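1. predicted model and sequence below, questions to follow.
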Amino acid sequence: MLPTDRFLTFIQQQQLFDTRKKVLLAVSGGRDSVLMVKLFNAASLPFGIAHCNFGLRGEESDGDEAFVRELADELQVCFFSVRFDTLDYAADHKLSIQMAARELRHNWLEKIRQDHNYEVIGLAHHGSDVTETVLLNLTRGTGIAGLHGIQAKRANFVRPLLFLKRQDIDDIIRSEAISFREDSSNLSAKYARNKIRLEVIPKLKELNPALDETFERNSRRFGQLEEFLNIQVNELRKVLFKKLPEGTVEIDLQQLKQLEPLELLLFELFRPFGFSENVLADLVATWIGEPGKVYESATHLIVLDRGKLLLEEKLFELAEEVIWSIDLVKLDFMAKNYERESFDFENVFIEKNREKAFFDESLLQYPLKMRLWNDGDYFFPFGMKGKKKLSDYLRELKIPLTQKKRVPLLVNGNGDILWVIGYRTDDRYRVGPETKKVSIFKQI
């Protein structure tokens, strides 16, 4: 007999979804996902079926798709299917085949969910999968986040079979004579998860026959511990991470060094930004060094800068330069908008404003350029005598190293720097007694 009452109770206790709204079920054709379909049907819950053909097992994969399609037809529910070139995707994105398949499946399921108004997506993980996942995560070193195993609900994905163990599912399938497709790859120990299920767990169960129950309890405790730790780390981040106007985050190094336990808190503080344990260990080993050392994740940078750390997103696409022609009034550069106006000298009030620059229009040689500064650039700062290297000027202003990379310039047609935007104009192009027309450039 199907455990329909326990199934509905678990959904209610975990608050997985509104049982009046339809759920998209990810169905491979294996015993777990077929049982999930049977339970939804027996409980009279509205659902549709989605199947991914990853093309990894030839005719066997096609047979799985045909089986799931027939199941959907039999139950008269909506059926969605897709075929992926998983091997090419894995190669292009430098992923393992399993990770590639997971990414393809999740992205496609979420699109179907949105396009067809399903509330959530049902995945057929069960209680014994928790044991496998925790052991797998321990071998990979995922920190506390990997020790809570599989959550019943995460974002738009729900796992309504977590109240069942593998043996429970096998017994139900047998007693109810439910047809399913056996995935031959599940019997191969070449995949890490299969090796753990087929070789490691049986040995551990010789020591503890109730291994799944033990891991389930421990995972629940680790989940609560992670929740508590996240609250504490978020509060700590509010104290330590000071966001600058330009988007860079400034962190006082002395305060960071005083954290205890340092290794744990440092990893959790920077985990959202993708920094690995090895990179953070390098940071700790070298943070008494000279300013300018850079530590990288896939998406962010940490720069050591005079008693503090600077954290910011990587700049993946920096415009080298844009042309400002004489007939152009407005221009975009580095996600900011600029505007040019022209007035007779007697109608202009020269104000001190970092977001505006005033020039003698007769001295401008079009087309102008906007670009980022380079080593070797120099200008004649307004109000000062002689030229100054731009690198020295920015250093004297004590602009953070990461912020320096973003400093844009307005450059005359002859190559002279007109304006270190946001800081200072060039004295050679100032408005003077002989000026008849004034060009005003401003950030808007």
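-> Okay, I see it.

2. for residue 159, which non-adjacent residue is closest in space?
-> residue 125 (4.5 Å; CB to CB, 6 or more residues apart in numbering). For every residue, glycine as well, the C-beta is placed using N, CA and C.

3. got a pLDDT number for residue 143?
-> pLDDT, residue 143: 68.

4. cool, and residue 319?
-> 56.

5. please shift the residue numbers so they start at 48 in all later answers.
-> Shifting the count to begin at 48 puts that one at residue 366.

6. list the buried residues for stretch 289-304?
-> 295, 296, 297, 298, 303 (16 or more other CB atoms under 10 Å).

7. wait, the residue nearest to residue 206 touches residue 207, no?
-> No. With contact defined as CB atoms under 8 Å, residue 172 does not reach residue 207; the gap is 9.3 Å.

8. pick out whichever of those two has more residues nearby.
-> Taking other CB atoms under 10 Å, residue 172 and residue 207 do not tie; residue 207 has more neighbours (28 against 24).

9. residue contacts, the more buried one?
-> Residue 207 makes contact with 54, 57, 58, 63, 83, 86, 169, 199 under the criterion CB atoms under 8 Å, 6 or more residues apart in numbering.

10. format the residues you listed as TSV; extra columns: pLDDT, neighbour count and secondary structure.
-> Below are these laid out as TSV (pLDDT from 0 to 100; neighbours: other CB atoms under 10 Å; DSSP: H, G, I helix; E, B strand; the rest coil):
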residue	pLDDT	neighbour count	secondary structure
54	97	22	helix
57	96	18	helix
58	97	23	helix
63	97	20	coil
83	98	27	helix
86	98	25	helix
169	98	29	strand
199	90	18	coil
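
11. what is the most widely separated pair among those residues?
-> Using CB to CB, the two most remote members of these are 86 and 199, lying 14.9 Å apart.

12. name the nearest residue to residue 437, ignoring sequence neighbours.
-> Counting by CB to CB, 6+ apart, the residue nearest residue 437 is residue 424, at 4.1 Å.

13. hmm, I typed the wrong one, I wanted residue 280.
-> Per CB to CB, 6+ apart, closest to residue 280 is residue 315, 4.5 Å.

14. residue 112 too?
-> residue 100 (4.7 Å).

15. where in the protein is pLDDT low?
-> 188-190, 231-237, 293, 362-367, 447-449 (pLDDT under 70).

16. for it, what's the longest strand?
-> strand 383-391 (DSSP state E).

17. any idea how far that one is from the chain center?
-> On the basis of CA atoms, centre = their mean, to the nearest Å, strand 383-391 sits 38 Å off its chain's mean C-alpha point.

18. mind listing the strands that strand pairs with, and their directions?
-> strand 377-380 (antiparallel), strand 484-490 (antiparallel) (DSSP bridges).

19. per-domain residue ranges of the protein.
-> Using automatic domain parsing, the domain parsing of the chain gives 51-265, 291-360, 368-490.

20. of these, which is nearest residue 275?
-> Using CB to CB, the nearest of the domains of the chain to residue 275 is domain 51-265, at 10.1 Å.

21. measure that closest one end to end?
-> This stretch, domain 51-265, spans 27 Å end to end (CA to CA, to the nearest Å).

22. before we move on, back to that, which residues does the residue nearest to residue 206 contact?
-> Each residue near residue 172 by CB under 8 Å, 6+ apart is listed here: 79, 197, 206, 208, 209.

23. ranges for the strands of the stretch 198-347 of the chain?
-> 200-201, 204-205, 288-290, 296-299, 341-343, 347-351 (DSSP state E, counting those that start in this stretch).

24. for residue 485, see how far away residue 216 is.
-> 80 Å (CB to CB, to the nearest Å).

25. does anything pack onto the one helix or strand residue 116 maps to? Which helices or strands?
-> Here residue 116, judged by DSSP states H and E, is contained in helix 106-122. Identification of packing neighbours for helix 106-122 by 3 or more CB pairs under 8 Å, 6 or more residues apart in numbering; DSSP states H and E yields helix 78-89, strand 94-100, strand 126-130.

26. great, nothing more from me.
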